[in-house]
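In: Any chance you could fold what I've pasted below:
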Amino acid sequence: MMHKILLMGPQGSGKGTEAEIFSERLNIPAFGMGQLIRDEIVTGSDFGKKMEEIILRGELVSDENAAHLLKLRLAKPDTENGYILDGYPRNISQYNAFDFDTPTHVLVIDIPRDESLKRLSGRLTCKGCGRVGAVSGDLKAGDLCGCGGEWYQRDDDTPEAITRRLEIYKNDTAPVIEKYGDLVKMIDGVGSIEVVTDRIEKVLA
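Out: Below is the predicted model:
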């Protein structure tokens, strides 16, 4: 079965973790827009250099450039049986630009606002590979990831920044979810990773 999955949800909902799990289970690639931009920059292509210049100027990659980058990625042979797109499209402009493919599933991992704040306030990100982890007895800021990068707390993982991002999700991304209508399946994101994975498994089945 073809799986072209848009995985959506508020910050801290666990989209990235579940994308990794189902990428392995379904044997299809999973990626987000940030990763695609970083990967293209690494290639040294003309388009990658253009993306790097934009980012170094402190500007956002345009919706048109993002869509072009996604189109290039979906043309690669490993997406033949599908893909998992993590957190895109984020707004109506991106939704309109994403007119070159149609998802088979739109999964929205939903968690309450308080849960987002709790999870993100204790979140760490690897500077090297971008993986996300939680502060615990075994992991703290300054530790090294398996890739060799350093774990750190992002500036936008403070309570004030998280609140702003949740407002953006409510105002910009929620209308996109509505656009997908009957394709949308809501997943309760409260619980352990294993429990949420089982819920997604049942929806895909």
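In: quick one: contacts of stretch 26-39?
Out: Residues outside stretch 26-39 that contact it (C-beta atoms under 8 Å, 6 or more residues apart in numbering) are 3, 7, 16, 19-20, 22-23, 51, 55, 61, 66, 69-70, 73, 78-79, 81-88, 130. Using the backbone N, CA and C atoms, a C-beta is placed for each residue, glycine as well.
In: Ok, stretch 58-68 next?
Out: Residues contacting stretch 58-68 (C-beta under 8 Å, 6+ apart): 33, 36-37, 47, 50-51, 54-55, 69, 88, 91, 93-94, 96-98, 100.
In: And the most centrally placed residue in the chain, how far from R73?
Out: Nearest to the mean C-alpha position of the chain, by C-alpha atoms, centre = their mean, lies D86 at 3.2 Å. D86 is 12 Å from R73, where distance means C-beta to C-beta, to the nearest Å.
In: Next: G189.
Out: Distance from G189 to R73, by C-beta to C-beta: 26 Å.
In: cool, G149 as well?
Out: 23 Å.
In: Those two: which has the busier surroundings?
Out: Counted by other C-beta atoms under 10 Å, G149 and R73 do not tie: R73 has more neighbours, with 19 against 15.
In: so what's that one up against?
Out: F31, L36, T79.
In: cool, and C126?
Out: Counting by C-beta under 8 Å, 6+ apart, C126 has contacts V132, G133, C145, C147, G149, E150, W151.
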